[in-house]
Structure formats: structure tokens, C-alpha cells
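Undergrad: can you look at this prediction? I've put the sequence above it.
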Amino acid sequence: MAVTGGACFVSLFKFYEKHKKMKMPAKCIIGSAIITSLEFCCGCIVNLKYKLNVWDYSKCRLNIKGQICPFYSMLWAFLCIPVSVLCKKLSDIKSD
């Protein structure tokens, strides 16, 4: 899970760095799509192929293979707000 989280953060950082002027709602929607995509790919490998059962959304409505669901995708969108702010601060430090 830590590897997936790290991959999500790096992906978001690179995306936000390229799209600094993008409005926050768009950043949240695209950020959620990035996180959900990585979560699905990693979940299929870690949970379905290797049976590690790191997470299981099979009891959530409208889930796909128990790896992703709309509820958590919405939570990821809200998580993108502080992540976007943090990425901006890190980008500013990196530029100095």
C-alpha cells in the first residue's frame, strides 16, 4: 500500500507541476482519476494475482473487481486538495 501511495504522490506531483494554472476542481477530478487508476492496477496485481488482500471494496456499491469504487474515488478527489497545496510548496522549494 505504501508503494501505491508513493506512486500516486509522485504522479500527482509531476502532473500538478506541469499544470500549475489549472483550477482546483479540475485538479481534484484528474487527481482522483490518477489515484483510482493506479489503485486499480496495483490492486489487480497485489490483491487479485498474488492474493495479498491489502484492500477489498467488494462490499461497496458499484465496485469494480473489489479494487475500486466511486465512494473512494470521491474521497481521493477531496484528498487532492491538500496534496495539491503540498505539491505547490514542494515545487516552489525545488525551484529555489
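TA: It's in.
Undergrad: contacts only, for the nearest residue to Phe78 once chain neighbours are set aside.
TA: Spatial nearest neighbour of Phe78, excluding adjacent residues (CB to CB, 6 or more residues apart in numbering): Cys28 at 7.1 Å. For glycine as for every other residue, the C-beta is placed from the backbone atoms N, C-alpha and C. The contact partners of Cys28, by CB atoms under 8 Å, 6 or more residues apart in numbering, come to 77-78, 80-81, 84.
Undergrad: helices or strands up against the longest helix along the chain?
TA: Counting by DSSP state H, the longest helix found in the chain is helix 70-95. For helix 70-95, the helices and strands in contact under the criterion 3 or more CB pairs under 8 Å, 6 or more residues apart in numbering; DSSP states H and E are helix 2-18, helix 24-43.
Undergrad: pLDDT score assigned to the residue nearest to the spatial centre of the chain?
TA: Nearest to the mean C-alpha position of the chain, by CA atoms, centre = their mean, lies Ile35 at 2.0 Å. Model confidence at Ile35, given as pLDDT, is 99.
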